[in-house]
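Enquirer: sequence below, structure please.
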Amino acid sequence: MIATLHPQLEASGITADVAKRAGVEVVTSQAARDLGFTGNRYDGANLAGLAFPYRDPRTRALFMHRLRPEVAVDGRKYIQPTGTKNHLYLPLATERQLADVEIPAVVSEGEKKTLSIATVAGTRYLAIGVGGIWNWRTSDKEKRPCRDHGGTETVRVNSRPIEDLDWITWKGRRVFICFDSDGARNPDVARAEQALAAELRKRGAEPLVVSLAPGPDGSKRGIDDVLVAEPVERRLAVLERLLRSAAPRRRLAPDVERGLELAYQPASTLLRMFDAYCDSATDAPAVFRPFTGLATLAALVGRKVTAPFGAHDLTLNLYCCILAPSSFFHKTTMITIARKFASAVNPDVLLPDDFTPEKLIAILEKSSNALLLWPEFAGYLARSQRDYQGGSKELLMALYDSPDTFRRELQSKTATVKQPTLTILAAAATSYLADQLRGADLRSGFLNRFLFVMADRKAKSYAIPEPPDPALRAKLVTKFHNVSGITGRADLSGIRTPYTAWYRDVEREAARSDRGEILSAFLTRLSVTALKISVLLELANTGRLRVTPDSLEEALVLVDYIRAVLRHLLQVEFAESESEKALRKVLRMVQGRSGIKRGELLRLAHCTSVELDKVLRTLTERGDVYMEDRKYWAA
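Expert: Prediction:
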């Protein structure tokens, strides 16, 4: 029976006409078995539900049906007959759409989402579905002897892109990958997006990722959920607005309930071991770990490895600052861990916590590779206004670029430092840092050299942490020592194409921002830092100097997190004028709750009704908040 008005299809905004043309059927359990859903896995199961036919779009030959049973089978919402292969879902594709690269394609996970897009877009876009985020690859299996016990086990082998991809002309086509909103915190979704994008890029396409926002309560949403929430007449405009916002990588943003999160798993043994060591030693947020490990490694590598960049070579030094609301986030503990490992490998790199410009230059004259650890960065900003610290910011700005020779006129002599290479790892309370900032600080060129790593929530709490494993510490010291002994010039030729695509998106973000002047300064530095981190990760991952797309991909996961932090800091924490401070204050209140009524905002904001309405109107026009069910929500 053709599924004309099935509730599940209606809930995804799919019309009866589209369902009929796609051949969707409502089937009984017996009808499902007649379609091939047989065998031990399905014996006794209630298979009644929706059946979606998969056909060759060129010949209309039937490959199989996938089933959406009314009751999940073994916990799975969708099933397909045992032994069938993965295929693309192209229910309404025409030969012209397959061949014409001027027609953009939209890839989504699941049959209902694909049909929802087709309902809204008609023939304007080629709607492509995959049964799962990895179902664009084969899932070949074979039986192999079990290593742990007798008998055999079924394992996946030789996974590769499915042949169906060859049906479509990709070269020159813009392709939008539109998976569910949980990709911001689900590493597997992020990996699948980027793997698919890399495959399409190889085929000459221009892949872009659509970043869907979660529901107002933080729940996962698909593209069909977003579209069906709008009136029918607005759905195409909403779809096209989402596609215009697409980027080479998923955009990160604070989650209503969970704050800023980093979905990251280190690839290298060194950073995995460092992560495990920190996990046992402190309850500091996990997002601090990779950046602390990379800053430590950067200081130990120093100038021994460089990377080509125009007329000069990049050194791999980093300026990092970890931010959190209070001491309970144990920022200083992370700095202490960095100090211990740096000291164990090369104690000469460590600088004193406090210094004058003259003292720092004197130290660098003797040892030009250095690590500065600042447990309280905001305190330095306060002290930097005093006479004895005069010029210290300018000094640190100059040292960031690692000149071949640095000269400074002192009272007693002209100091000369050969090949200085300085890495900084600092920490600060977020609100205290914001209070110390002046408008000039954001434009001076000093702060935009820093990677700001922010956490506003902890996943766990250790009242009394256990001592870390001494054997793990010893292995880590050896790893840091070995990697920091590598010398040479990195080769970036293998990452030029994917890095360029990412870089162009960074340029577009700066151009669109209402704080473009300030954001551009941060993003320009950050784009170069992405190359530095790529090289550091390659050294940690393989010990080689030729940087691979995998190491770039891992670096961009980290750097895109920093981009999200920057957006948050500039919108919320580092607002400058009184009006900006009011916007920051109200936006922070809205972001901290799952919907908040105007009356509660008025009570908490301690301002007049007219002032609050002006702030809310500005935040709404900027797209930072929206109103639904008589409550304000973070966009």
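
Enquirer: low-confidence ranges, the stretch 351-500 of the chain, go.
Expert: Along the stretch 351-500 of the chain, segments meeting pLDDT under 70 span 384-390, 436-441, 443.

Enquirer: can you pull out the helices in the stretch 451-600 of the chain?
Expert: For the stretch 451-600 of the chain, the helices defined by DSSP state H, counting those that start in this stretch occupy 470-484, 496-512, 516-541, 549-568, 578-591, 598-605.

Enquirer: okay if I get these as CSV plus mean neighbour count and distance to R235?
Expert: (Each C-beta comes from the backbone N, C-alpha and C, glycine too.) Formatted as CSV, the entries for the helices of the stretch 451-600 of the chain read as follows, by neighbours: other C-beta atoms under 10 Å; distance: least, C-beta to C-beta, whole Å:
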stretch, mean neighbour count, distance to R235
helix 470-484, 16, 52
helix 496-512, 15, 24
helix 516-541, 21, 31
helix 549-568, 22, 27
helix 578-591, 18, 26
helix 598-605, 14, 29
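
Enquirer: quick one, which of those helices is nearest to A295?
Expert: Nearest of those to A295, taken as C-beta to C-beta: helix 516-541 at 9.5 Å.

Enquirer: what is the mean pLDDT for that closest one?
Expert: On average, the pLDDT along helix 516-541 is 90.

Enquirer: show me what that helix is packed against.
Expert: With contacts taken as 3 or more C-beta pairs under 8 Å, 6 or more residues apart in numbering; DSSP states H and E, helix 516-541 sits against helix 269-281, helix 288-301, strand 305-309, strand 312-315, helix 439-443, helix 496-512, helix 549-568.

Enquirer: and A127, what element?
Expert: When elements are assigned from DSSP states H and E, A127 belongs to strand 126-130.

Enquirer: ok, L243 - contacts?
Expert: Neighbour list for L243: P104, V106, F176, L208, V210 [criterion: C-beta atoms under 8 Å, 6 or more residues apart in numbering].

Enquirer: isn't the last one right up against I177?
Expert: Yes - with contact defined as C-beta atoms under 8 Å, V210 reaches I177; the gap is 6.7 Å.

Enquirer: would you confirm that A93 contacts D56?
Expert: No - using C-beta under 8 Å, A93 makes no contact with D56, being 10.1 Å away.

Enquirer: tell me which of those two has more neighbours.
Expert: Neighbour count, other C-beta atoms under 10 Å: between A93 and D56, A93 has more, with 21 against 14.

Enquirer: for the more buried one, which non-adjacent residue is closest in space?
Expert: P57 (4.2 Å; C-beta to C-beta, 6 or more residues apart in numbering).

Enquirer: which among the helices of the stretch 451-600 of the chain is found nearest to E10?
Expert: Nearest to E10 among the helices of the stretch 451-600 of the chain is helix 578-591 (32.4 Å), distances taken as C-beta to C-beta.

Enquirer: show me what that closest one is packed against.
Expert: Using 3+ C-beta pairs under 8 Å, 6+ apart as the contact test, the elements touching helix 578-591 are helix 598-605, helix 609-621, strand 631-634.

Enquirer: many thanks, I have nothing further to ask.
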